[in-house]
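Enquirer: Fold the following and give me the result.
(2 chains)
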Amino acid sequence: MKSTQYSEKTLDHFRNPRNVGTLEGDDVAVGRVGNPVCGDLMDIYVRVKDDRIADIKFQTFGCGSAVATSSMVTELVMGKTLDEALEVTRTDVADALDGLPPVKMHCSNLAADALHEAISNWRKGIKPELDTPDESAGCACVTGDLPITGIDELTGKGVYRELEDPSVLTDARTIVVDKGDASARLAIALTEHTPRVVFMTAGKEPAISDELKSELKRSDVKLLTESRMLEVKGELEVEKTLVHDLNEDEEYELVTDAVVLLD
Amino acid sequence: MTEPVYLDYQSSKPVDPRVVEAMLPFFTERFGNASALHAVGDDATSTLDDSRARVGRLFGASPEEIIFTSGATESNNLALMGYCLRNKRKGDHVVISEAEHISILNTSKALESLGFRVARVPIDQFGRVSPEKIRARITDDTILVSIGWASNEIGTIQPMRKIAEMLTGTGVALHTDAVAAEGLVPIDMADVPVDLMTLSSNDIYGPRGLGALYLRKGVRVTPSIIGGGQEMGLRSGTEDIASIVGMAAAADIMVSEMAEETSRLAAYRDRLIKEILARIPHSHLNGHPEHRLPNNAHFRFAGIEGESLLLSLKDENISVSTGSACSSKTLEPSHTLISCGLLHEEAHGSLELTVGRFTKESDIDRIIEVLPRVVKRLRVLSPLYTD
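Expert: Take a look at the predicted model:
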C-alpha cells in the first residue's frame, strides 16, 4: 500500500478540514505534540465549560493523514465531557477515518495524543503559551557556554573564533552560535556572502537586543532556537555539526562548512 | 475535471510515439533471436548491431562500448560490483558522493559487506561535488570513483570534465550514472574521459525495462548475469530486440532534436523559478542556480509539508514530486536535501517540478496559477507559519 493511499473520508478531512484555527481566553488550554523534524506538529486548542469541550480548534504542519486526523478528532470530541474525550484513542480516530495506511498509523496519527495533552494541561492549569518572549530565555547563555567537542581540533579548518572578513565564507553553510549582539550582526552580514546562515541559540529567543531580533527575523538568517551545538565533526575540515534539540531532547546532525563561535 | 498537468518527468517519461512505431514490427514480424543462425536470426543480429551503433552515437561511443541491460539499476550494479570484483587485486577502496542515486548508495553498502571500503564525499549547499574533495579522499588503494553526472532530484550538474581530467593517468577508474543528465546536457565520451557510464532508455523517451552501460575499451568488469554469453559475455540472456530498437530510435530523435528541445525546456524552467519565487513568500530554490538541468525546478516552502502539497496538487489534477519523508516508504526525508545542509523540517517542505518533451506553456501557466493558492491554504493550517 502506498503511504498516500488514503480513504475518501481521510481525503475529505484533508480537503475540508473542520475546526481550523486557534482559541484564546482564560477557559482555553492547548496541547502540542509531534516535531517538525519528523514532519508532523499539531496544536489542539480546547475551550472548557462545565467540564465539557465547548469549542475545539487545531493547527497542523504535516502530511495528509496528520491534517485529517487532527480534523477528525476535533469532530469526535466536540461537546463531550473531558473524561469522555480522554477515552478517544488513536485507533478510534483512524477507524472514524475508515482506516489509515499502515505506515501512517504511528507517525502522523498523533491527534488523540494532542487532545489528551490539551486536557491534561487544562487540568494542571497550564495556559496556552503565547508568542511573548519568555523571561527564562536569559538563562540560555549558561547552557550556551558548555564546551563543544571538536572545536579546538577544527579551529582554522572551518571553525572561526573571530571573523574580520565575512567574504571568506562565500557560499559556506555557516552556523553562527549566539554570543550576543555582535554575533547576530555578523550572521546578518554573512547573508551577503552565502545563502545559508543559521543562527543557533539555546534559548527560546536569542540573547540579543529587540532591535536586532526583528532585524534577524527580516533577514535571510535561519534562526534555530532551543538548540545547542554538542560537537563539530570532520576529518580534514568541518563537515557536520551535532545539534541537541533542547525542546525535544533529541540529537541530529547538520551538514555544515563553517562554525562561527566568537570569544 | 481540468486537463491533467504532468510535471514529474524525472520519475517517468512517456515513450515517444515515434519510438513505439519503430518498435512494433519487432514484436510480430521481426521476432528473431540474435543467436540463431538462420535468416530470421540474422535480421535480429544486424538490428542489434545497428541499434548499438545508434545508441553509441548519441554519447560519442563506439558500438562495442555499449552493453544493453535491463535498466539503470542493473547498469549501476554491473558498474560498481562488476568493476570492483574484477579489479580487487588493484585495491579495495571506492569513492562516491553523498548525493548519489539510491541504487549507487545501496550497491556501495553491498560492496562494504564484501570487504570493500567506501568513502562518501560531501556535497556543497547547491549539491555540487568538488574535484579537490574527491582528490583528498583518494588513497593508494582507490580503484573506482562514482559520481552521478547530475542529480535526478535537485538537478545539480556535476563538474564531470574536471573530475575526469583530475583522474586521468591516476589508474583510478571513473564511473558516472548519467541517467538524470542524458538527453538534457551534451554527453560525449570522445570529449570527457569517463570509463563507465550508466544509461537508461526511458530517460530519453524510450521504453522502460532497458538501459545500457558504456564501458570504455579496455575496461574490464565481472559479468552481472551469467548464461549464454550475450552482450560480450557481461550480461547474458536473449536480447530484447524490440526495446533495444526503441532505445536506438529514441537516441536518433535526441541526436536531431536535443538542442532545440533543451532550450525550450530551459525557458519553462526559468519561468517556473522566476514566477514561483516571486509569487510565494518564504520560498527558496534548492540546487544550483546555474549548474542546473534545463528541466528541473526544485523549491522549498517554509511552514508546510511536501506530502500535503502533493495531495493538494493531485486534487487539481497536477502531478509533482516531493522530497518529504511522509511520501516515502521509509519515512526518511531526501538524503540529497539533508546532504545539502537543510534541516529536516525544510526538506519536508520541498517540491520538485520537472518538465519534458510534451510539456506545454499552458502547463506552466496552470502550476503558477494554482501553487500560490495551495501553499497559502496549507500555511493557514500550519502552526509553524505566521506571517
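Enquirer: residues touching the residue nearest to A:Glu248 when sequence neighbours are not counted, list them.
Expert: In space, and not counting its chain neighbours, A:Glu248 is closest to A:Asn35: 5.2 Å by C-beta to C-beta, 6 or more residues apart in numbering or on different chains. (Each C-beta comes from the backbone N, C-alpha and C, glycine too.) A:Asn35 makes contact with A:41, A:245, A:248, A:250, according to C-beta atoms under 8 Å, 6 or more residues apart in numbering or on different chains.
Enquirer: now the first one: how far from A:Ser70?
Expert: Going from A:Leu41 to A:Ser70 by C-beta to C-beta, to the nearest Å gives 10 Å.
Enquirer: The two: which has the busier surroundings?
Expert: Neighbour count, other C-beta atoms under 10 Å in any protein chain shown: between A:Leu41 and A:Ser70, A:Ser70 has more, with 33 against 23.
Enquirer: Give me the pLDDT value at that one.
Expert: We note a pLDDT of 95 for A:Ser70 in this prediction.
Enquirer: Please apply the same query to A:Gly144.
Expert: At A:Gly144, pLDDT is 45.
Enquirer: ok so, going back, in ChimeraX, select just the buried ones from the contacts of A:Asn35.
Expert: In ChimeraX, a selection of the buried entries from the contacts of A:Asn35 looks like this (16 or more other C-beta atoms under 10 Å in any protein chain shown):
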select /A:41,245
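Enquirer: need the helices for chain A, in chain order.
Expert: A:8-15, A:64-77, A:82-86, A:90-96, A:104-107, A:111-124, A:140-144, A:151-154, A:181-190, A:210-218 (DSSP state H).
Enquirer: B:Leu58 is nearest to which of those helices?
Expert: helix A:64-77 (41.0 Å; C-beta to C-beta).
Enquirer: could you say what helices and strands that closest one packs with?
Expert: Judged by 3 or more C-beta pairs under 8 Å, 6 or more residues apart in numbering or on different chains; DSSP states H and E, the packing partners of helix A:64-77 are helix A:8-15, strand A:40-49, strand A:52-61, helix A:90-96, helix A:111-124, helix B:306-315.
Enquirer: Make JSON lines out of the ones you listed and add distance to A:Ser227 and mean pLDDT.
Expert: Listed next are the helices and strands packed on helix A:64-77 as JSON lines, based on distance: least, C-beta to C-beta, whole Å; pLDDT from 0 to 100:
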{"stretch": "helix A:8-15", "distance to A:Ser227": "31", "mean pLDDT": "95"}
{"stretch": "strand A:40-49", "distance to A:Ser227": "16", "mean pLDDT": "94"}
{"stretch": "strand A:52-61", "distance to A:Ser227": "18", "mean pLDDT": "96"}
{"stretch": "helix A:90-96", "distance to A:Ser227": "29", "mean pLDDT": "94"}
{"stretch": "helix A:111-124", "distance to A:Ser227": "23", "mean pLDDT": "95"}
{"stretch": "helix B:306-315", "distance to A:Ser227": "23", "mean pLDDT": "94"}
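Enquirer: what about the closest residue to A:Glu215 other than its chain neighbours, neighbour count?
Expert: Of all residues not flanking A:Glu215 in the chain, A:Ile188 sits nearest, at 6.3 Å (C-beta to C-beta, 6+ apart). For A:Ile188, the neighbour count with other C-beta under 10 Å is 19.
Enquirer: Next secondary structure element downstream of the strand or helix carrying B:Leu174?
Expert: Using DSSP states H and E, the element containing B:Leu174 is strand B:173-177. Using DSSP H and E, the next helix or strand after strand B:173-177 towards the C-terminus is strand B:196-200.
Enquirer: Can you give me the pLDDT of A:Arg218?
Expert: 88.
Enquirer: any idea how far it lies from A:Thr10?
Expert: A:Arg218 is 39 Å from A:Thr10, by C-beta to C-beta.
Enquirer: Looking only at neighbour counts, state which of the two leads.
Expert: A:Thr10 (26 against 9).
Enquirer: Just name the most buried of the helices of chain A.
Expert: Of the helices of chain A, the one with the most neighbours on average (mean count of other C-beta atoms under 10 Å in any protein chain shown) is helix A:64-77, at a mean of 27.
Enquirer: Could you give the separation of that helix from the chain centroid?
Expert: 20 Å (C-alpha atoms, centre = their mean, to the nearest Å).
Enquirer: swap in stretch A:231-242?
Expert: Chain-centre distance of stretch A:231-242: 24 Å, with C-alpha atoms, centre = their mean.
Enquirer: Residues in contact with that stretch: which ones?
Expert: With C-beta under 8 Å, 6+ apart as the criterion, stretch A:231-242 contacts A:148-151, A:154, A:157-159, A:175, A:229-230, A:251-259, B:122, B:136.
Enquirer: Now intersect those with the strands, please.
Expert: Counting by DSSP state E, the contacts of stretch A:231-242 place A:159, A:175, A:229-230, A:251-255, A:258-259 in strands.
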